[in-house]
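*Asks:* Here is my input; please provide its structure:
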Amino acid sequence: MNKLILLGGPPGIGKTSVLNVLPKYISTCALFDADDIWRTYPQDNDAINRSNNIVAVHSVLRSHLASNHSPLIFAWVFANPALVDDVLSGIKDYIISIQRIYLVASPDILLQRLAKRSATQELVQYSLGKLKDIDKMNQPKIDTSSLDSEGVAQIIASQII
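*Replies:* Coordinates of the predicted model:
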């Protein structure tokens with residue numbers, strides 16, 4: 001059994017960029033970005049498709065956790081506690097500990113980052129809503145407003161217990 005780090009944050013905050021840098025600071029880690037699932041199983045409002053996506057997430061996470069790379073760092077928005085519960089329910093026999101870390105930024109900085117990605121207005125509104133949801137959560141947060149991916153990765157590496 002292994003350690004699982006759930007790296008959350010609104011779309012555009014920099015989770016994927018941080019994942020690309022983290023191996024410099026945590027050499028034994030395994031990384032998984034939920035975006036990898038969405039490339040294969042697109043999201044939509046269909047309950048069956050969402051359920052299939054969770055099954056795919058469980059499969060990938062169990063595979064990583066069984067490989068004994070520790071920690072496994074899994075990046076997703078994670079702004080919905082029910083989604084976190086859904087994810088954890090399918091892998092509970094594979095993990096020994098879970099740590100949640102959220103990336104946040106000021107709304108203005110998040111808007112700047114989303115503009116660089118040419119985000120649609122729908123994604124901008126979704127991301128700002130998720131930022132508000134995450135701000136209300138009682139979980140550790142890293143304010144990335146004045147940090148680059150390297151700086152965020154260093155902080156995460158220092159916080160992993």
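*Asks:* In the protein, spot the helix with the most residues.
*Replies:* helix 47-66 (DSSP state H).
*Asks:* Give the buried residues for the helix or strand residue 112 falls within.
*Replies:* Residue 112 is part of helix 107-116, with elements assigned from DSSP states H and E. With burial defined by 16 or more other C-beta atoms under 10 Å, the residues of helix 107-116 counted as buried are 109, 110, 111, 113, 114. To be clear about C-beta, it is placed using only N, CA and C from the backbone, and glycine gets the same treatment.
*Asks:* Same check on stretch 16-27?
*Replies:* Along stretch 16-27, the positions that meet the burial threshold by neighbour count (16+ other C-beta under 10 Å) are 16, 17, 18, 19, 21, 22, 26.
*Asks:* Surely the third one forms part of a helix?
*Replies:* Yes - read with DSSP: H, G, I helix; E, B strand; the rest coil, residue 18 is one of the residues of a helix.
*Asks:* Okay, strands next: where are they in this protein?
*Replies:* Using DSSP state E, the strands assigned to the chain run over residues 2-8, 30-33, 72-75, 95-104, 141-143.
*Asks:* What's opposite the residue nearest to residue 68 when sequence neighbours are not counted in the beta bridge?
*Replies:* Excluding the flanking residues, the one nearest residue 68 by C-beta to C-beta, 6 or more residues apart in numbering is residue 2, at 6.5 Å. Beta-bridge pairing for residue 2 (DSSP bridges): residue 95.
*Asks:* ok, so what distance separates residue 2 from residue 37?
*Replies:* For residue 2, the distance to residue 37 equals 20 Å [C-beta to C-beta, to the nearest Å].
*Asks:* same question, residue 153
*Replies:* Using C-beta to C-beta, we find residue 153 at a distance of 22 Å from residue 37.
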